[in-house]
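A.B. asks: sequence and computational prediction follow.
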Amino acid sequence: TRVTEWCFNIPFYDTLSFMLNICDKIKYRYFDDKSVLWEDTYIENIRVRIYDPVNATKTPQKNAKALILYFHGGGFFFGSVGSHDTMNYYLSKYSGTKIIAVDYHLSPTVHYPVAVNQSIRVTRYILQHPQKYNIDPTRVFLAGDSAGILV
């Protein structure tokens, strides 16, 4: 923040750009052991990443399963489904739970309450179409970190 600018003579915008560039670099998973199938798609014109754990035969489970609807953190101006990809991958793998991570739009491209409204739209759509995602609508959990908790 401004302390960095004052102490180290690094302009604030450079610090912010640096932080955003780091977030872009960590969003790539450098492994895939095929224990979780994943895909990027759109719900209500909002990008989401769906993680679906597979069984021992490497096929998706046929019976409806619980869902974790995950909203990433990042102060509403950085972060994405990519920056939280590894965590969601492992969470799906070890919990055996389907995860849908929502990639709501960020500031300064959009302003409050756009991210909140997008998250609500995705949540409503999923709850209205559980069979499309092979989920049990009585076992849907909301999760997130930082700003993601607020949406």
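C.D. replies: Done, it's in.
A.B. asks: CA atoms for contacts and neighbours, from now on please.
C.D. replies: OK.
A.B. asks: quick check: buried residues in the helix or strand hosting Arg49?
C.D. replies: Assessed by DSSP states H and E, Arg49 sits inside strand 46-53. Neighbour-count burial for strand 46-53 flags Arg47, Val48, Arg49, Ile50, Tyr51, Asp52, Pro53 (criterion: 16 or more other C-alpha atoms under 10 Å).
A.B. asks: let me see the mean pLDDT of that strand.
C.D. replies: Strand 46-53 shows a mean pLDDT of 96.
A.B. asks: packing partners of that strand?
C.D. replies: Applying 3 or more C-alpha pairs under 8 Å, 6 or more residues apart in numbering; DSSP states H and E, we find strand 46-53 packed against strand 36-43, helix 85-95, strand 98-102.
A.B. asks: among these, which is the most enclosed?
C.D. replies: strand 98-102 (a mean of 27; mean count of other C-alpha atoms under 10 Å).
A.B. asks: run the angle between it and strand 46-53 for me.
C.D. replies: 160 degrees (axes from the mean of the first three to the mean of the last three C-alpha atoms, to 10 degrees).
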